[in-house]
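Q: Whatever this is, show me its structure:
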Amino acid sequence: MIDLNSGSGLVYGRGLPAAAAPAQRINALIDRALVEQNHCQPPRDYLGGSRIGEPCARKLVYELTNTPVDEGKGFGGQTLRIFDAGHQFEALVVRWLRKAGFDLRDRGQDGRQFGFSIAGGRIRGHIDGVIVAGPDVGIAWPALWEHKTLNAKSWTDLVKRGVQLSKPVYYAQLQIYMAYMELRSALFTALNKDNQALHHEVVPFDASAAQALSDKAVEIVRAAQAGELPPRIAQNADFYLCRWCAYAQRCWEGDV
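A: Sure, this is the predicted structure:
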């Protein structure tokens, strides 16, 4: 029998006011656990294919060299919860597509994600999956499959303008993945996390765009290896991308 009168199994958060509401205490414990787990993850030693579309080359060099972000700019619990929820939504959509008859493969026989590695492992990508066969919906299989979870505002803009204009970083990810996975088209699926609406967009392979992105990635790796910083993306720190950047203080007040 479980002793429901015993509190010996309860662990309270350190540093929390005794009078804090249970919800605050629970959320603080969850966030602390997620942050600690994230800190235990080994740092990346490569440029990820999902990041190559980032417009600021200097930011990519900071990321590749594991340069510390500005104080207070690391991922907090809420952000990590959003990331984790995105993975859970992706698994849900994979299940829905498979039930609908799509042969979607997201792991190899070794249980690992499909992906690629070039430039001595300094540039890598891990894809969400490949649809190798499925119902006749006007798409030639096989096709790269990538999934994102968006809030209602972002999702609506994507539906209205398309991934190339609305989400250029995602578009770049699709192109670089198609290039190195040798696929001619991609099915980009976006889930509206507010109401579970789904949007699917077919994106054809653009060889010139993929080549430009690949060249950019190589230049980023070369700069990182040489200890060089590319020029800033803007002339002043008030630029909209700089205002939200986790390296803004370092970039504008520390590095030249």
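Q: Near A209, how many other residues are there?
A: By other CB atoms under 10 Å, the residues close to A209 number 18. C-betas here are computed from N, CA, C, even on glycine.
Q: and the longest helix for the chain?
A: helix 77-99 (DSSP state H).
Q: my guess is F75 meets V35, correct?
A: Yes: between F75 and V35 there is a contact at 7.3 Å, judged by CB atoms under 8 Å.
Q: what angle separates the lowest-mean-pLDDT helix or strand in the chain from helix 77-99?
A: When the helices and strands of the chain are scored by mean pLDDT, DSSP states H and E, helix 22-39 comes last with a mean of 90. Put simply, helix 22-39 runs at 80 degrees to helix 77-99, going by axes from the mean of the first three to the mean of the last three CA atoms, to 10 degrees.
Q: which helices and strands does helix 22-39 pack with?
A: Under the contact criterion of 3 or more CB pairs under 8 Å, 6 or more residues apart in numbering; DSSP states H and E, helix 22-39 touches helix 77-99.
Q: Report the buried residues of the helix or strand just after the helix it packs on.
A: Downstream of helix 77-99, the next assigned helix or strand under DSSP states H and E is strand 103-105. By 16 or more other CB atoms under 10 Å, the buried positions in strand 103-105 come out as L104, R105.
Q: helices and strands around strand 103-105, which ones?
A: If you count contacts as 3+ CB pairs under 8 Å, 6+ apart, strand 103-105 packs onto helix 77-99, strand 129-133.
Q: swap the cut-off to 10 Å and go again
A: With contacts taken as 3 or more CB pairs under 10 Å, 6 or more residues apart in numbering; DSSP states H and E, strand 103-105 sits against helix 77-99, strand 129-133, strand 143-150.
Q: List the strands paired with that strand, with their directions.
A: If you go by DSSP bridges, strand 103-105 pairs up with strand 129-133 (antiparallel).
Q: before we move on, back to that, comparing the helices and strands packed on strand 103-105, which yields the minimum mean pLDDT?
A: Mean pLDDT is lowest for helix 77-99 among these, at a mean of 93.
Q: got the angle for it vs strand 143-150?
A: Orientation check (the same axes, to 10 degrees): helix 77-99 against strand 143-150 gives 140 degrees.
Q: What helices and strands are in contact with helix 77-99?
A: If contacts are counted by 3+ CB pairs under 10 Å, 6+ apart, helix 77-99 sits against helix 22-39, strand 103-105, strand 129-133, strand 143-150, strand 185-192, strand 198-204.
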